[in-house]
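> Sharing a model that was predicted from the sequence below.
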Amino acid sequence: MADKDEKTSDVATGTSGTGPCREEDVSSGIQTAETLLRLFPVGLCVAALVVMVKDSESNEYGSLSYSNIIAFRFLVHANGILAGYSLLSAAFTAVPRPMTMPRAWTFFLLDQISTYLILAAGAVATEVAFLTYKGDLAVTWSEACGTYGHFCRRATTSIIITFVVVICYVLLSVISSYRLFSKYDAPVGYRNKGIEFVDFGN
């Protein structure tokens, strides 16, 4: 009867006899997943950068290169920055360290900035790519893809890869946000109810 009461108490408080071991396993799993999620954008950013940098086409109408369009240059620079940051942050998270508050804030802010940077680059490049396909008579911007089809296809490929990077960084932002804000104490009412919150960041 006593054992049954102890098990009931453990369930009510969200703990069990193997609780610490389970928390360590979950924490290790999340750390591995985060490291891989930070490594994955490195290859994607480099791929998007290389595809765009090599994007040029010449014909009887003239030459067109990514360097002629500011939005595409911005996309290249943003992918270069994200590739470097992804590699450094992956190396840092691969080594087990206590998740201190300054470290949690640093990852949170850098992940947020990186997410908005790559999202802005992808959005601006998408708008310009749309104009190269459709044109805009209101601003006398004629479509160019009928003449420079190869250029447009490569630019579109680079933009698509960039948005895959955006998805990765949205997920990383969620992880770093959770890791930061889970370090703050739960409201007093919840603590008084005996509910235990597991910190997966440690």
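Here it is on my side, so go on.
> could you pull out the strands for the chain?
Assignment of strands within the chain using DSSP state E yields the ranges 56-59, 62-65.
> Could I get these in CSV, plus columns for distance to Leu88, mean neighbour count and mean pLDDT?
C-beta coordinates here come from the backbone N, C-alpha and C atoms, glycine included. As requested, the strands of the chain are exported to CSV (distance: least, C-beta to C-beta, whole Å; neighbours: other C-beta atoms under 10 Å; pLDDT from 0 to 100):
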stretch, distance to Leu88, mean neighbour count, mean pLDDT
strand 56-59, 31, 14, 85
strand 62-65, 30, 14, 85
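> export those to a markdown table and tack on distance to Pro41?
Shown next, in a markdown table, are the strands of the chain (distance: least, C-beta to C-beta, whole Å):
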| stretch | distance to Pro41 |
| --- | --- |
| strand 56-59 | 25 |
| strand 62-65 | 25 |
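> Give me the contacts around stretch 39-53.
66, 72, 75-76, 79-80, 82-83, 86-87, 90, 154-155, 157-159, 161-162, 164-165, 168-169 (C-beta atoms under 8 Å, 6 or more residues apart in numbering).
> residues of that stretch that come out buried?
39-42, 44-49, 51-53 (16 or more other C-beta atoms under 10 Å).
> Sort out which one of those residues lies nearest Thr100 for me.
Leu39 (23.1 Å; C-beta to C-beta).
> coming back round to it: could you turn the buried ones of the contacts of stretch 39-53 into a PyMOL selection?
For the buried members of the contacts of stretch 39-53, the matching PyMOL selection, counting by 16+ other C-beta under 10 Å, is:
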select buried, resi 66+72+75+76+79+82+83+86+87+90+154+155+158+159+161+162+165+168+169
